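Trainee: here is the input, now give the coordinates:
(chains A, B, C and D)
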There are 4 protein chains.
Amino acid sequence: MIRFECDYAEGAHQKILENMMRTNLEQTAGYSEDVYSDHARELIRQACGNDDLDVHFLVGGTQTNLTVIASVLRPHQGVLCAVSGHVNVHETGAIEATGHKVLAMPSADGKITAEQVQEAYDAHWRDESREHIVQPGMVYISQPTENGTLYSKAELTALHETCVKCGLPLYVDGARLGYGMAAPTNDVTLKDLAELSDIFYIGGTKVGALFGEAVVIANPAYRQDFRYIIKQRGGMLAKGRLLGIQFETLFTDGLYFEISKHAVDLAMKIRKTCEEKGFAIQYESYTNQQFPILPNELVVELRKKYAFYTWQKVDEDHTSVRFCTSWATDAENVEQLLADIRAFGA
Amino acid sequence: MIRFECDYAEGAHQKILENMMRTNLEQTAGYSEDVYSDHARELIRQACGNDDLDVHFLVGGTQTNLTVIASVLRPHQGVLCAVSGHVNVHETGAIEATGHKVLAMPSADGKITAEQVQEAYDAHWRDESREHIVQPGMVYISQPTENGTLYSKAELTALHETCVKCGLPLYVDGARLGYGMAAPTNDVTLKDLAELSDIFYIGGTKVGALFGEAVVIANPAYRQDFRYIIKQRGGMLAKGRLLGIQFETLFTDGLYFEISKHAVDLAMKIRKTCEEKGFAIQYESYTNQQFPILPNELVVELRKKYAFYTWQKVDEDHTSVRFCTSWATDAENVEQLLADIRAFGA
Amino acid sequence: MIRFECDYAEGAHQKILENMMRTNLEQTAGYSEDVYSDHARELIRQACGNDDLDVHFLVGGTQTNLTVIASVLRPHQGVLCAVSGHVNVHETGAIEATGHKVLAMPSADGKITAEQVQEAYDAHWRDESREHIVQPGMVYISQPTENGTLYSKAELTALHETCVKCGLPLYVDGARLGYGMAAPTNDVTLKDLAELSDIFYIGGTKVGALFGEAVVIANPAYRQDFRYIIKQRGGMLAKGRLLGIQFETLFTDGLYFEISKHAVDLAMKIRKTCEEKGFAIQYESYTNQQFPILPNELVVELRKKYAFYTWQKVDEDHTSVRFCTSWATDAENVEQLLADIRAFGA
Amino acid sequence: MIRFECDYAEGAHQKILENMMRTNLEQTAGYSEDVYSDHARELIRQACGNDDLDVHFLVGGTQTNLTVIASVLRPHQGVLCAVSGHVNVHETGAIEATGHKVLAMPSADGKITAEQVQEAYDAHWRDESREHIVQPGMVYISQPTENGTLYSKAELTALHETCVKCGLPLYVDGARLGYGMAAPTNDVTLKDLAELSDIFYIGGTKVGALFGEAVVIANPAYRQDFRYIIKQRGGMLAKGRLLGIQFETLFTDGLYFEISKHAVDLAMKIRKTCEEKGFAIQYESYTNQQFPILPNELVVELRKKYAFYTWQKVDEDHTSVRFCTSWATDAENVEQLLADIRAFGA
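Mentor: Presented below is the predicted three-dimensional model:
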């Protein structure tokens, strides 16, 4: 079975394992207070072109989201996000378990607009009974989204400006950030993210690391005591240098971007072949996730060799599916898939 | 600087890294639903001599404690533990953050007795205002304790019987379980633990793994939907096979016990040398943590070469300290330390 | 200004105040362990035709909802309800503050169907990633709903059967229960509620009491330690006899039903007059809340004399509003309102 | 049975009921946005000699404590208090249910000192592992304490200064504040409280009201969005004017102080008689709670006619008990009690 079902089916990039091996018996301080973590923080600051960034390392995405959100909000506040946002639908209520409502807004493609945020904010503040309603306290977006779509720099700037105007911190979930940045359509840099958001995270788990997410707190207002919250929520890794070593490796010589490009290039091939075959594509994704709408017979056929997600029943005869590539995807496996798609109905 | 300050200063046992390296590019299902995790679960069941055990893998100790406790208690219940219990003093209020009070009981050496549990239970239920008081809902102990002390099989049996009588599940934090089992004074086996507790965990982070704790739910009453709680609390590792591979390695050919013994043997040398030198020892620890009471001048002297924790000021001239050995401790480093202790005042 | 904006603008029914006055200096036990509370519990059991009901008194509706829901759910579970349900939109995230997600389902009129519950349940359990999603743990409905609509006995029976089949407790918010039972279209009795739901509450605050809601736990599975949860959530009234006296008064000689009928009779007059005038009515409400769709000019006109809620902009020229009557509504005030409505455009 | 077991055995002061009766059918806005609540807030500001105070009304003490504390603390912070503090021992873990640890400090008489606070603060901040420990985030004291003892103005000033220095808000639970202020030994005024604390509450439930506590937020830093938190925690009374009317009555013509004095005068008689009889008194209380240490035979004898709490077994032959007087205590009942005490052994 060839797996296109997710971007965390393999271990880590070879260089990461080598660096772990090489440093394995060194003795370091725990809890990411070691030299590798320090260096990784420095490399991330450099990649963001900004000396004044607070960088923390956590193990996984849900953990990161719940820790950041719990740290930022007061008890009566909620987090605005797209109805399809990971925090709304795929974290077993992790945000609610910290006491906060997720304020979901409609979205066809995983993105929300500055106008939606402004309207949600206005709707709250013009309501005379607003004390009986959860107050919007921050905005959560993902870049790329759960549907593989991307915010343009213009869209992100508009969101940023609205958030500043409304006093709402903007938090960007970058679980697949590398794959977003490698998209041919992308115009958002790490530097932009550090300027246009208050907090964002650079995903490692899905982009070449064994595990690990790097939280970047750009806005000093949200830095205080963040490490206490990490510890309280169970996210403080004892052997923190493992996170440091991984991000040091990924941010040395552009490895993070190089391996992301590998995944996106392969994903673009899948997209192109589907289009050539005349299959519609559900979302405007130019990242590592592709959502073609396939004839049911082809879906049945492909299932024999490949693992992938069924996304949605589109009509009686068609179903959208998700193919995920990653830093580790074997180009030959993709070629096989393309051949099998091309062969359909021939 | 030679580190005796904790048991997580190095990476992982060489075999673990080799197995990670070897399997690195295999594609597996995520979230510990892979073959390595299945095999590790099977090996742990075998080590416990019990086919009917629910085994889960989490990343760290605080995460494990808060997940287990949040899963077991109803909102108005608290967890009984020693005042020095990790959940009471060293997890930044992680348990309270899940809504539950830690009901601390006095303890001179980190242990609590069956009598204390019975008395706390009785005190609650005979109080006419008990609805105004947190109800004891479970018991937390650590084996070995934060002071390196151990429950004997007789003590554990007494706790078990009291817990059964009171309807209180018994949960054992085994962050350093290997070092407890390797103690010359130990008479508690994994099989005993599976019979005498409702839930316990086998610590990996401090005993040879990069990270990871194996939760064993012995009592079927506490198994339902545990994976949902792991996910909600941020403890569901995407590449769960990393946990599987580590515990598979540790529980193959008795590696877990072998490397634990290494640490304890070295700790016993430190204990013996201190005793020979006439220094008192603060706790009856025969595990990998040693708490000798040293002259302040010696403490100052040792600090120049070694990292270790100051534990407590004992009197104007003496201080207790903690030396930690581990699976990775270099025997020569211990010999140096012993030489420096012996040389004091000579 | 004549107030039709809510059903809690006045104090309490005269008989309640008299009974409070009469018993004022008696000494009783606190926390609803007094004879008045006992008698009120007994009267409620009689009104429900069921000797085996657990009855508790709380102060207000939000407090009651959060206490019941926190008591029933495990951490990873959420509560299914209509998108317009009070717990979803008008309690400042009180449910989320206890750690639980509100699982909102679409509803045009405030009601949800047995089919919706079944589908939500099935959708969860057929999802292979369900451990990453909040598990439906109970169902919340309100009778009447926030839109004044009512569940028929057939609809309630269908919900009950689905809930039993799915193992989901059914909880009925009866903040305005009296006004529902007094509706000319109602066919659901208290006895039905006690048979078809697991927990429901009989609203006092909006139906003649100064404050107070009577929680009836019909299903013994949800009774254990409920008073601890009341206390923990701040709902245990020290002078609990005040709640006892109020419900004793309301459930003596059918007072609760008599004063509810007063409110509904007046609401029906408002409905009839609007219909005669040719105004559409937004919801099929035969209870104390009426939602006519009025010409904007009339709304402006009425605002000069009356306080009432604007509900929704229907089109450029029309707006739906909410008129609330209550046990205390003065019939002459209603006549004035009717005259002013009839006079419009004449 | 004559009740000295608590100070909430009766209803309310006659004038309160009369004012409720008189205004009963007036229509007012809900949620304490009515003229009575406004007037009561104004009267409380006057009584505190301070125009700039934020005043809110809640129903009960536990509710008030959990709402204030949840509003002030960030997730990783806890509240310092005496081990005997109400929030620590008698609220079923209400504070922990909001996610926060109660940081209990030793106390023989219910009070804590400025030195203790300073030391707890220093201990936290000098600990290198402090991120693993709950951070002190505020200080809770009660005036008078659960043992009837009082902070002097000098003690309160010292606490205030320490709190300011450490950046810890000081919160004073005044459930029995009236009885504290009426103590012959008291030198703390409402004005002092408003200057020396950040937040305090004036207890109504135990001092003449049916229910109700008036929260005074002196420090503007803690005012933002407090009403949201009240609503979220279930403390927003729909008919808020009931709270307004009660505090308006209590703070008109000094009624609150007058009825408090009645209770304390009677308590002083009990104290004096016990002392004359040679009985030791457990706590230095000059408020409405008296804790004499009585011969067991006398305790048994008194139980036949009076309800009161057993406090503590002092030795084989002696037990301390608690007698509570209140605004409603009948002077003749006290005379009977005194006669029975005097008659013992005679």
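Trainee: show me what from chain A comes close to chain D.
Mentor: Proximity of chain A to chain D, by Cβ under 8 Å from any Cβ of the partner chain, involves residues A:31, A:70-71, A:74-76, A:98-99, A:131-132, A:135, A:225, A:227-229, A:231-232, A:236. (C-beta placed from N, C-alpha, C; glycine too.)
Trainee: so of those residues, which ones are in helices?
Mentor: A:70-71, A:227-229, A:231-232 (DSSP state H).
Trainee: can you narrow the residues of chain A next to chain D to ones near chain C?
Mentor: Checking the residues of chain A next to chain D against chain C (Cβ under 8 Å from any Cβ), the matches are A:75-76, A:98-99, A:131-132, A:135.
Trainee: turn these into CSV, columns for pLDDT.
Mentor: Output for these, formatted as CSV (pLDDT from 0 to 100):
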residue, pLDDT
A:75, 98
A:76, 98
A:98, 98
A:99, 98
A:131, 98
A:132, 98
A:135, 98
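Trainee: SS state for residue A:272?
Mentor: Counting by DSSP: H, G, I helix; E, B strand; the rest coil, the backbone at residue A:272 sits in helix.
Trainee: now it: how far from chain D?
Mentor: Distance from residue A:272 to chain D, counting by Cβ to the nearest Cβ, to the nearest Å: 48 Å.
Trainee: what sits against that residue?
Mentor: Shown here is residue A:272, which makes no contacts under the criterion Cβ atoms under 8 Å, 6 or more residues apart in numbering or on different chains.
Trainee: same check on residue A:246?
Mentor: A:12, A:16, A:19-20, A:40, A:204, A:209-212.
Trainee: one more time with 10 Å, if that's ok
Mentor: Shown in contact with residue A:246 (Cβ atoms under 10 Å, 6 or more residues apart in numbering or on different chains): A:12-13, A:15-17, A:19-20, A:36-37, A:40, A:57, A:204-205, A:208-212, A:214.
Trainee: so the one helix or strand residue A:301 maps to, near chain B or not?
Mentor: Using DSSP states H and E, residue A:301 maps to helix A:296-303. No - using Cβ under 10 Å from any Cβ of the partner chain, helix A:296-303 stays clear of chain B, coming no nearer than 15.6 Å.
Trainee: tell me the strands beside whichever helix or strand comes after that helix, with direction?
Mentor: With elements assigned by DSSP H and E, the helix or strand that comes after helix A:296-303 is strand A:306-307. Sheet pairing of strand A:306-307 (DSSP bridges) gives strand A:2-3 (parallel).
Trainee: still on that earlier bit, of the ones next to chain C among the residues of chain A next to chain D, closest to residue A:146?
Mentor: Each of these was checked against residue A:146 using Cβ to Cβ; the closest is residue A:98, at 20.7 Å.
Trainee: once you drop chain neighbours, what's closest to that closest one?
Mentor: residue A:70 (4.0 Å; Cβ to Cβ, 6 or more residues apart in numbering or on different chains).
Trainee: likewise residue A:334?
Mentor: Nearest one to residue A:334, counting by Cβ to Cβ, 6+ apart, is residue A:266 at 4.7 Å.
Trainee: SS state for that neighbour?
Mentor: With three-state DSSP as the criterion, residue A:266 reads helix.
Trainee: any idea how far it lies from chain D?
Mentor: 42 Å.
Trainee: which residues touch that residue?
Mentor: A:4, A:288, A:290, A:323, A:325-326, A:329-331, A:333-335, A:337-338.
Trainee: ok, it to residue A:255 distance?
Mentor: 17 Å (Cβ to Cβ, to the nearest Å).
Trainee: equivalent analysis for residue A:184, please.
Mentor: 20 Å.
Trainee: more crowded one of the two?
Mentor: Taking other Cβ atoms under 10 Å in any protein chain shown, residue A:184 and residue A:255 do not tie; residue A:255 has more neighbours (19 against 10).
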